[in-house]
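>>> Below is the sequence, then the predicted model.
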Amino acid sequence: MKYIFVMGGVVSGLGKGITAASLGRLLKARGYQVTLQKLDPYLNVDPGTMNPVQHGEVFVTEDGTETDLDLGHYERFLDENLNRNSNVTTGKIYSRVLRKEREGLYGGGTVQVIPHITNEIKEVFVRKEGTEKSVAIIEVGGTVGDIESQPYLEAIRQFRRSEGEENVLLMLVSYVPYLRCSRELKSKPTQAAVRTMQEMGLWPDIIICRTEVPLTPEIRNKIAHFCNVKPDHVLENRDLDCLYEVPLALEEEHLAEVVCGNLKLPCPEPDLSEWRSMVNTFRHPAGEVRIALVGKYTQLRDSYLSVTEALIAGGIASNVRISLQMIEAEEITEETAESLLQGYQGILIPGGFGERGIPGMLLAIRYAREHLVPLLGLCLGMQLICIEFARNVCGLSLADSLEFSPDTPDPVIHLMPDQEGVVNLGGTLRRGSYPCVLEEGSLIESLYGTRTIEERHRHRYEFNNSYRDVLCSHGLRLSGQSPDGRIVEMIELPGHPFFVGTQSHPEFKSRPNRSHPLFRGFVKAVREASLPGEQVSGKS
């Protein structure tokens with residue numbers, strides 16, 4: 001088994017996750033079995049309760065684990081489903097050690113960072129199922145100078161010694177700033193990062209230089225000289241407009257060849273033809289469509305990262321560029337809805353929690369329904385479609401969700417009951433992959449091309465079955481349900497160009513070279529739709 005550790009220097013946010021994911025794609029294209037793992041130094045057990053505006057989206061794996069958003073990059077680049085072992089936090093590590101201490105597994109000894117915490121960290125590195133074609137890429141969050149990262153770096157030092165240097169490779173992603181006033185690149189920040197690594201008993205085998213301008217031979221040689229690496233191990237990772245072009249750029253830098261050479265692995269020619277074709281389509285689209293994402297966490301674009309990437313993939317499938325505008329839901333009122341939403345050819349309502357911004361989302365849904373603008377609602381988005389339809393089409397003016405209005409007389413959306421029909425007020429989220437049976441002849445069934453599917457979930461509230469008849473009698477179609485028929489999973493509005501909601505989060509399963517059926521269908525409908533015209537009469 002071979003191990004590659006990806007660490008960051010100078011500043012966070014350099015794209016360590018994209019670099020790790022790109023390397024995974026390059027190695028997989030050469031026939032290697034690649035696993036990816038993220039080590040997050042924060043003390044939270046997982047990001048499930050963290051604010052999306054501060055941390056970005058919570059990515060959910062097939063097995064229902066709430067993880068860091070970098071796992072979304074891993075899955076999209078590698079086209080592999082990850083699991084609970086793919087995201088490790090300091091909170092998880094300390095929880096395991098403290099549990100063992102309480103259970104007496106340390107024999108009453110003093111529990112310390114070294115060896116107990118570092119041993120627990122090393123345990124998550126080991127891949128007992130590895131073969132000669134297996135490579136584990138492990139990203140360490142933060143930067144090498146962070147206090148929180150020190151136990152991980154010490155564990156890596158011990159691990160490299162025990163596994164052998166020929167089996168463990170260290171890669172540093174560092175920032176090489178360009179000073180426009182003097183028109184020169186600076187190597188000192190990278191030198192400082194490497195010096196910090198050396199103080200921890202580590203040294204990089206490869207340095208990936210994040211830069212906005214091309215590296216000169218002089219700066220490569222300088223970094224190599226002062227950081228004690230080979231000149232051809234100092235590689236450029238320049239700013240690019242398209243994330244999915246990064247693997248191709250790093251292939252031009254011979255990253256995979258350098259990695260395989262260090263690890264004494266064969267390096268056959270890769271098959272990147274499909275990937276190149278996908279990037280080429282992104283680069284040279286036949287047109288452009290304007291889509292509005294109406295959400296409540298729009299201050300940070302990463303809050304909807306998987307949704308954004310799924311839309312881009314849908315655009316690639318339809319050969320169009322996505323011009324995406326994020327609109328803060330609280331800004332949409334009865335007075336501003338028309339001016340804020342007109343001109344968009346599609347509207348997307350993403351997931352979320354809490355009542356803030358709900359009135360604006362409901363107005364956006366009504367606008368899309370009445371103006372025949374293609375609409376896609378995800379999780380909370382589907383629930384709000386049902387509420388808006390109940391209020392303005394079915395005449396249930398006080399219809400609402402128990403999440404926002406505990407006293408509503410018409411709880412179209414309520415807490416999920418258990419198998420016996422009992423509502424569990426303290427119930428946990430429904431997370432992970434669940435099956436769904438699609439109604440024959442529905443639009444959604446035609447998009448998937450099959451009747452039985454599985455999608456990932458993350459929600460606590462769901463459609464109230466007591467309102468099935470009234471909503472269906474007014475035209476709403478329940479197009480997808482759980483196999484036992486208890487849970488409404490997908491809805492659509494016949495006669496509308498595209499008016500679809502899903503209780504799941506299909507964005508987590510989208511791939512850049514294999515667009516998700518719902519996003520592919522949504523973007524296709526957006527492309528075919530004209531700009532919103534006159535309001536459709538008689539709809540409300």
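Sure thing, it's come through. Numbering: from 1, shown residues only.
>>> Enumerate the positions of the helix-or-strand element of the chain with minimal mean pLDDT that are buried.
Using mean pLDDT, DSSP states H and E, helix 52-55 stands out as the lowest-scoring helix or strand of the chain, at a mean of 83. Using 16 or more other C-beta atoms under 10 Å as the test for burial, helix 52-55 gives Pro52, His55. Quick note: C-beta positions are derived from backbone N, CA and C, even for glycine.
>>> repeat for stretch 290-308
For stretch 290-308, by 16+ other C-beta under 10 Å, it's 291-298, 300, 302-308.
>>> Run the chain-centre distance for the least confident helix or strand of the chain.
13 Å (C-alpha atoms, centre = their mean, to the nearest Å).
>>> show me the contacts for the spatially most central residue of the chain.
For the chain, Gly72 is the residue whose C-alpha lies nearest the centre (C-alpha atoms, centre = their mean; 3.4 Å). For Gly72, the contacting residues are Glu57, Phe59, Leu305, Ser306, Glu309, Phe508, by C-beta atoms under 8 Å, 6 or more residues apart in numbering.
>>> Can you tell me the SS state at the closest residue in space to the second one that isn't next to it in sequence?
I take that to be Phe59. Nearest-residue entry for Phe59: Gly72, 4.4 Å, with adjacent residues in sequence omitted and distances by C-beta to C-beta, 6 or more residues apart in numbering. Following DSSP: H, G, I helix; E, B strand; the rest coil, Gly72 is assigned to helix.
>>> and the gap between Gly72 and Leu272?
From Gly72 over to Leu272 the distance is 21 Å, taken as C-beta to C-beta, to the nearest Å.
>>> can you check His457 too?
Using C-beta to C-beta, one gets 34 Å for the distance from His457 to Leu272.
>>> circling back to that earlier point, model confidence for the residue nearest to the centre of the chain, exactly?
Looking at Gly72, its pLDDT stands at 95.
>>> how far away is it from Pro270?
Going from Gly72 to Pro270 by C-beta to C-beta gives 23 Å.
>>> Mind checking what helix or strand follows the least confident helix or strand of the chain in sequence?
Where DSSP states H and E defines the elements, the next helix or strand beyond helix 52-55 is strand 59-60.
>>> Listing partners with orientation, what would you give for that next one?
strand 66-67 (antiparallel) (DSSP bridges).
>>> Just list the residues touching the residue located most distally from the centre of the chain, thanks.
Centroid-distance maximum for the chain: Gly108 at 42.1 Å, with C-alpha atoms, centre = their mean. If you count contacts by C-beta under 8 Å, 6+ apart, Gly108 has none.
>>> Please, which helix or strand holds Ile312?
helix 305-318.
>>> Can I get that helix in CSV, CA atoms only?
Taking C-alpha atoms only, helix 305-318 is exported to CSV below (Å, rounded to 0.1, in the frame of the first residue of the first chain):
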residue,chain,number,x,y,z
LEU,A,305,-21.0,24.0,-3.7
SER,A,306,-22.4,20.7,-4.8
VAL,A,307,-25.5,22.4,-6.2
THR,A,308,-23.3,24.8,-8.2
GLU,A,309,-21.1,22.0,-9.5
ALA,A,310,-24.2,19.9,-10.4
LEU,A,311,-25.6,22.8,-12.4
ILE,A,312,-22.2,23.2,-14.2
ALA,A,313,-22.4,19.4,-15.1
GLY,A,314,-25.9,19.9,-16.3
GLY,A,315,-24.7,22.7,-18.5
ILE,A,316,-21.9,20.6,-19.9
ALA,A,317,-24.5,17.9,-20.8
SER,A,318,-26.6,20.5,-22.6
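>>> Since that was my last question, I'll sign off now.
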